[in-house]
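**Q** Need a 3D model of the following:
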Amino acid sequence: MEPLLCFPGSTPLAVAGALDRAGYPWCGIDSPERSDSEEPEDGWSGALISCVDDPTGGFALCRHLRKRDVPLAPLIVLVSSAQLPELDLREDLFDDLCVEPVNSEELLARLAHLFWRTGRGLRPDLLEHGPLVLNLETYQAAVSGRVLDLTYMEYELLRFLAARPGKVFTRDALLSRVWGYEYYGGARTVDVHVRRLRAKLGEEHAHLIQTVRSVGYRFGQTSWTP
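**A** Modelled structure (predicted):
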């Protein structure tokens, strides 16, 4: 991930610490000119600009970054509560804002959401269902923060079911959709993999994969109640 542009260069310690803990690389700059001269080869990943101590310079930098051939996004401004009325005619200069003193958790949440919304940065493709999270890029899965040691086919079966919560699949349907039409194993293959998945999910979360008697399996509760 390319670094975030931060203005001014003397970024508040609370903000700098939050960025460091969250793994966001960043670079402090003190002028619009330096935002160009120090820009990485692949460009800035976004910008975090404080307009509290130097509102003229801060908003000038926002305008500079937005007037480029490819406007920089995401861009967050940090302002004081007294500056909020000044934002009325400047909505095009930023994507989101935080009021100082900054709550670091709020700032990180807003930043992560903007990266997701704009498609910038390195957000993994995640499939989430309650305590279960599957990273579709790395073929990893975790439940309640505990990483699961899954085989390839266990992961594929869990991914297939978790992507379709509430829908019931027969064993034959799972064999053809997960293992492939060329697979000649019997329905017991599905039962064995489900049993192993439940064991690895643990007693507390084994219910995520439910047995539908005389039919097959479903992930989670059905969304329809008679």
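**Q** how about the lowest-mean-pLDDT helix or strand in the chain: buried residues?
**A** The least trusted helix or strand in the chain, going by mean pLDDT, DSSP states H and E, turns out to be helix 13-22, with a mean of 79. For helix 13-22, burial by neighbour count (16 or more other CB atoms under 10 Å) applies to Val15, Ala16, Ala18, Leu19. In this view, the C-beta of every residue, glycine as well, is placed from N, C-alpha and C.
**Q** Without its sequence neighbours, what residue ends up closest to the second one?
**A** With sequence-adjacent residues excluded and distances taken as CB to CB, 6 or more residues apart in numbering, Ala16 is closest to Trp26, at 7.4 Å.
**Q** Next one, pLDDT for that neighbour please.
**A** Looking at Trp26, its pLDDT reads 90.
**Q** Which strand residues bridge it?
**A** For Trp26, the beta-bridge partners are Leu4 (DSSP bridges).
**Q** for it, what are its contacts?
**A** Pro3, Leu4, Leu5, Cys6, Thr11, Ala16, Leu19, Leu48 (CB atoms under 8 Å, 6 or more residues apart in numbering).
**Q** Can you tell me what sits against the least confident helix or strand of the chain?
**A** Against helix 13-22 from outside (CB under 8 Å, 6+ apart): 4, 6, 11, 26, 48, 50, 78, 101-102, 104-105, 107-108, 111.
**Q** Pull out the buried members of those.
**A** Among the contacts of helix 13-22, those classed as buried by 16+ other CB under 10 Å are Leu4, Cys6, Thr11, Trp26, Leu48, Ser50, Leu78, Val102, Ser104, Leu107, Leu108, Leu111.
**Q** ok so, going back, gap between the least confident helix or strand of the chain and the chain center?
**A** 18 Å (CA atoms, centre = their mean, to the nearest Å).
**Q** With only the CA atoms kept, save that helix in PDB.
**A** Written as PDB, here are the backbone C-alpha positions of helix 13-22 (Å, rounded to 0.1, in the frame of the first residue of the first chain):
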ATOM      1  CA  LEU A  13       0.800  12.100  17.900                       C
ATOM      2  CA  ALA A  14      -2.600  10.600  18.500                       C
ATOM      3  CA  VAL A  15      -3.200  10.500  14.700                       C
ATOM      4  CA  ALA A  16       0.300   9.300  13.900                       C
ATOM      5  CA  GLY A  17       0.100   6.500  16.500                       C
ATOM      6  CA  ALA A  18      -3.300   5.400  15.200                       C
ATOM      7  CA  LEU A  19      -2.100   5.200  11.700                       C
ATOM      8  CA  ASP A  20       1.000   3.200  12.800                       C
ATOM      9  CA  ARG A  21      -1.000   0.800  14.800                       C
ATOM     10  CA  ALA A  22      -3.400   0.200  12.000                       C
END
